[in-house]
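Novice: Structure of the sequence below:
(2 chains)
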Number of protein chains: 2
Amino acid sequence: MPYTPVWFMRQAGRSLPEYRRVREGIPMLESCTRPELITEITLQPLRRYDVDAAILFSDIVVPLRAVGVDVDIKPNVGPVMGRPMREAADLTPLRPLEPDDVPYVTEAVRALTAELDDRPLIGFAGGPFTLASYLVEGGPSKSHDKVKSLMYGDPELWHALLGRLADLTISFLQIQVEAGVSAVQLFDSWVGVVAPDDYRHAILPHTSRIFAALAGYDVPRIHFGTGTGELLGLLGEAGADVVGVDWRIPLDEAARRVEPGKALQGNLDPAILLAPWDVVEERALDVVRRGRTAEGHIFNLGHGVPPEADPDTLSRLTDLVHTASVRDLG
Amino acid sequence: MPYTPVWFMRQAGRSLPEYRRVREGIPMLESCTRPELITEITLQPLRRYDVDAAILFSDIVVPLRAVGVDVDIKPNVGPVMGRPMREAADLTPLRPLEPDDVPYVTEAVRALTAELDDRPLIGFAGGPFTLASYLVEGGPSKSHDKVKSLMYGDPELWHALLGRLADLTISFLQIQVEAGVSAVQLFDSWVGVVAPDDYRHAILPHTSRIFAALAGYDVPRIHFGTGTGELLGLLGEAGADVVGVDWRIPLDEAARRVEPGKALQGNLDPAILLAPWDVVEERALDVVRRGRTAEGHIFNLGHGVPPEADPDTLSRLTDLVHTASVRDLG
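Specialist: All right, here's what the predicted structure looks like:
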């Protein structure tokens, strides 16, 4: 590829009127279990944007629900558990997935790879801390106090929980890879609330196991979280080929914090999309310019597309990155 | 002082049964306008903990309400505006405070300084980004998309807004200092969602003006935000004497990111308080040890005391820091 590749987290989603149309009256988690809907929604942004990858439409709690965890996604709230997980007995339902647990994923991935031809399809799963946070907090949390007090206060239960989440995640990603996805992203979106030493001891061993289990497949492994300025080196060390970076840290500084050989992904502030085009352009060029200091750069936002973003802005942005990335930007 | 001084953000608050008792049936903002209640709540933690400072009981939206902004604090939600601020006309109510706008603050500070004798009383105000976020978003926000899109997209309105907030904040802090507080903390709690270059251009000029306006008073100026790993140098550069640090970055690394001459405050993860005592102890000693690399260290949490924290833990923690900080910790 001569230019910097581009895709957007949540490129398929509420910012697209055609997405809102097909989702009408269909609860989020139900829409993630209908192969034809997964396929349609995954393809929607590719009809608008010249992005270099599709990302499978799904949700990080899909594999939890598939093994019988009582979880739902409440509109404008997020994942909510029937009962927060607090003790060893609560871990029982967490087991590795069999392909039969998620036939809709296999079916959708096959349909999509047939349709997409050479364009990569990115599969994904939630990272162990983020899944643990929803399970233990019982829903979205600002402070993550409960999950962190488990992490700090009961290392045995913590490692048992994260071990099971890692097994479940490995099986979920392997099912996606075997069905045909050509890259995977681990979304440990909230892991940035953990300090580096804690990350190393409490989380990294489990994440390393997830990435190691995918090493034989020859699919690039992307590792993403927000607020991870202090963790970037460790996110790479866990075994990712590409480290996702949020907008809080300039990409050239991020490049200094990862080991040699790691590519970066990111990191335009999603809120920039709501500003006038000349601001979007200036900032996107700055990201492309700083991205050149990394050993490989995939252009993306620093987090998901905001629902209020104008799809035309994303369309222009995609083209801008493609053309600008082969130019001398000074 | 021979030992590392200690106080806790939100040491007066929901973690104390006596706080919940005196607040019963009294809305938050009303409780911030009754001098006898401000005084009582400010003193409550000092009856339990041997902390080295009291912090005035108030809220960052108190000065907004005092000039007539339609804001209330909803329990379990936070500050909510009657109408989000979006255009130049909305700035009209924002003006500097006169002492008569907040007589309850002056009265409470006078009563407190009489009562506290030599123990310092910390005054405070909200930082310009955090106040702007509540005003523009209309309430608490996860993404801060609206306030950032104003910052990115309409610099003229943005600087007009932050200029007025700075004026209001200067007057509010000066009223507190003239009434007798012996230190001030600027809580720009959510400013960590802004990248360093944006901080420098869009926020720092206003914060610098606030700190400069206090330079003549000989009161230490503390500057705090969460998620500010990339901003620590700039938070000091804005004119603070002490830079507050959250738990995401070890204090020794934080010390490397601020200019010489700046002290640090922090940074035990508040969630640690919910773990068993041996974990609290180990982590607190680690904070004290790393804090020795800074040019001055005030022990604190990385953010506020969680409502679920056990007051006895905070009491033991205070004593631990006092005794440990004069010992050789290796």
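Novice: Could you tell me which residues make contact with the residue lying closest to residue A:276 once chain neighbours are set aside?
Specialist: Across the structure, with CB to CB, 6 or more residues apart in numbering or on different chains as the measure, the residue nearest residue A:276 apart from its sequence neighbours is residue B:153 (5.5 Å). C-betas here are computed from N, CA, C, even on glycine. Contact analysis of residue B:153 by CB atoms under 8 Å, 6 or more residues apart in numbering or on different chains lists A:274-276, A:279.
Novice: Can you list which of those are found in helices?
Specialist: By the criterion of DSSP state H, membership of the contacts of residue B:153 in helices covers residue A:279.
Novice: ok, which residues in the stretch 201-330 of chain A are in contact with chain B?
Specialist: In this structure, the stretch 201-330 of chain A approaches chain B at residues A:227, A:229-230, A:247-250, A:253, A:269-272, A:274-276, A:279, A:283, A:303, A:306, A:308, judged by CB under 8 Å from any CB of the partner chain.
Novice: partner residues bridging the residue positioned nearest the centre of chain A?
Specialist: The centroid of chain A falls nearest to residue A:187 when counting by CA atoms, centre = their mean (3.5 Å). Under DSSP bridges, the beta-bridge partners of residue A:187 are residue A:126, residue A:224.
Novice: That one contacts residue A:127, correct?
Specialist: Yes - in this structure, residue A:187 sits in contact with residue A:127. The criterion is CB atoms under 8 Å, and the distance is 6.0 Å.
Novice: what ranges do the strands span in the stretch 101-250 of chain A?
Specialist: Listed in chain order, the strands of the stretch 101-250 of chain A (DSSP state E, counting those that start in this stretch) span residues A:121-126, A:183-187, A:221-224, A:242-244.
Novice: Can you tell me which of those strands is most buried?
Specialist: Greatest average neighbour count among the strands of the stretch 101-250 of chain A goes to strand A:242-244 (a mean of 28), per mean count of other CB atoms under 10 Å in any protein chain shown.
Novice: follow-up on the earlier one: mind checking which of the contacts of residue B:153 are buried?
Specialist: Buried residues within those, counting neighbours by 16 or more other CB atoms under 10 Å in any protein chain shown: A:274-275, A:279.
Novice: ok, back up a step: now do the shared contacts for residue A:187 and residue A:127.
Specialist: Here residue A:187 and residue A:127 share the contacting residues residue A:225, scored by CB under 8 Å, 6+ apart.
Novice: Would you mind giving the secondary structure of residue A:51?
Specialist: Per DSSP: H, G, I helix; E, B strand; the rest coil, the secondary structure class of residue A:51 is coil.
Novice: and residue A:92, how many neighbours?
Specialist: Residues contacting residue A:92 under the criterion other CB atoms under 10 Å in any protein chain shown number 9.
Novice: per-residue confidence at it?
Specialist: pLDDT recorded at residue A:92 is 94.
Novice: Also residue A:29?
Specialist: So, for residue A:29, pLDDT stands at 97.
Novice: Report how many residues lie close to residue A:138.
Specialist: Look at residue A:138: counted by other CB under 10 Å, it has 19 neighbours.
Novice: For residue B:198, see how far away the residue sitting furthest away from the middle of chain A is.
Specialist: Residue distances from the centre of chain A (CA atoms, centre = their mean) peak at residue A:330, which lies 31.9 Å from the mean C-alpha position. Per CB to CB, to the nearest Å, residue A:330 is found 21 Å from residue B:198.
Novice: try residue A:251
Specialist: Here the distance between residue A:251 and residue B:198 works out to 15 Å (CB to CB).
Novice: Which one's more surrounded, these two?
Specialist: Relative neighbour count places residue A:251 above the other of residue A:251 and residue B:198, with 26 against 22, counting by other CB under 10 Å.
Novice: That one contacts residue A:297, doesn't it?
Specialist: Yes - look at residue A:251 against residue A:297 with CB under 8 Å: they come within range, at 7.2 Å.
Novice: Which secondary structure state does the nearest residue to residue A:74 once chain neighbours are set aside sit in?
Specialist: The spatially closest residue to residue A:74, leaving aside those adjacent along the chain, is residue A:80, at 5.1 Å (CB to CB, 6+ apart). For residue A:80, the secondary-structure state derived from three-state DSSP is strand.
Novice: Residue A:80 reaches residue A:139, doesn't it?
Specialist: Yes - with contact defined as CB under 8 Å, residue A:80 and residue A:139 form a contacting pair (4.4 Å).
Novice: that older thread, overlap in contacts of residue A:251 and residue A:297?
Specialist: Between them, residue A:251 and residue A:297 share these contacting residues under CB under 8 Å, 6+ apart: A:264, A:291.
Novice: Checking my notes, residue A:267 in a strand, right?
Specialist: Yes - secondary structure of residue A:267, determined by three-state DSSP: located in a strand.
Novice: For burial, what's the neighbour tally of residue A:110?
Specialist: By the measure other CB under 10 Å, the count of residues near residue A:110 is 14.
Novice: and the gap between it and residue B:292?
Specialist: Taking CB to CB as the criterion, residue A:110 is separated from residue B:292 by 59 Å.
Novice: Helices along chain A, start to end?
Specialist: Counting by DSSP H, residue ranges of the helices within chain A are A:17-23, A:28-31, A:35-48, A:62-66, A:103-116, A:128-137, A:145-153, A:155-179, A:196-198, A:204-213, A:232-237, A:251-257, A:277-291, A:311-324.
Novice: For those, state which one has the densest average packing.
Specialist: Of all the helices of chain A, as judged by average neighbours under mean count of other CB under 10 Å, the leader is helix A:128-137 with a mean of 26.
Novice: ok, now which ones touch residue A:203?
Specialist: By CB under 8 Å, 6+ apart, residue A:203 lies in contact with A:128-129, A:162, A:188, A:191, A:194.
Novice: got JSON lines for those, with distance to chain B and pLDDT too?
Specialist: Converted to JSON lines, the contacts of residue A:203 look like this (distance: CB to the nearest CB, whole Å; pLDDT from 0 to 100):
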{"residue": "A:128", "distance to chain B": "17", "pLDDT": "98"}
{"residue": "A:129", "distance to chain B": "13", "pLDDT": "98"}
{"residue": "A:162", "distance to chain B": "17", "pLDDT": "98"}
{"residue": "A:188", "distance to chain B": "15", "pLDDT": "98"}
{"residue": "A:191", "distance to chain B": "11", "pLDDT": "98"}
{"residue": "A:194", "distance to chain B": "8", "pLDDT": "98"}
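Novice: Excluding chain neighbours, what is closest to residue A:198?
Specialist: Spatially, and ignoring its direct neighbours in sequence, residue A:198 is nearest to residue A:151 (6.8 Å; CB to CB, 6+ apart).
Novice: Verify the stated contact: the one you found with residue A:199.
Specialist: No - counting by CB under 8 Å, no contact exists between residue A:151 and residue A:199, whose distance comes to 10.2 Å.
Novice: gap between the residue nearest to residue A:179 when sequence neighbours are not counted and residue A:244?
Specialist: The spatially closest residue to residue A:179, leaving aside those adjacent along the chain, is residue A:109, at 3.8 Å (CB to CB, 6+ apart). Plainly put, residue A:109 is 22 Å away from residue A:244 if you go by CB to CB.
Novice: same question, residue A:208
Specialist: Taking CB to CB as the measure, residue A:208 falls 17 Å from residue A:244.
Novice: and if you look at residue A:328?
Specialist: In this structure, residue A:328 and residue A:244 are 27 Å apart, going by CB to CB.
Novice: And residue A:42, by the same measure?
Specialist: According to CB to CB, residue A:42 stands 19 Å off from residue A:244.
Novice: returning to that earlier point: now the strands of the stretch 101-250 of chain A as TSV including distance to residue A:324 and mean pLDDT?
Specialist: Conversion of the strands of the stretch 101-250 of chain A to TSV gives the following (distance: least, CB to CB, whole Å; pLDDT from 0 to 100):
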stretch	distance to residue A:324	mean pLDDT
strand A:121-126	23	98
strand A:183-187	23	98
strand A:221-224	22	98
strand A:242-244	21	98
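Novice: Distance to residue B:34 for these - can I get that in TSV?
Specialist: Rendered in TSV, the data for the strands of the stretch 101-250 of chain A read as follows (distance: least, CB to CB, whole Å):
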stretch	distance to residue B:34
strand A:121-126	47
strand A:183-187	47
strand A:221-224	48
strand A:242-244	49
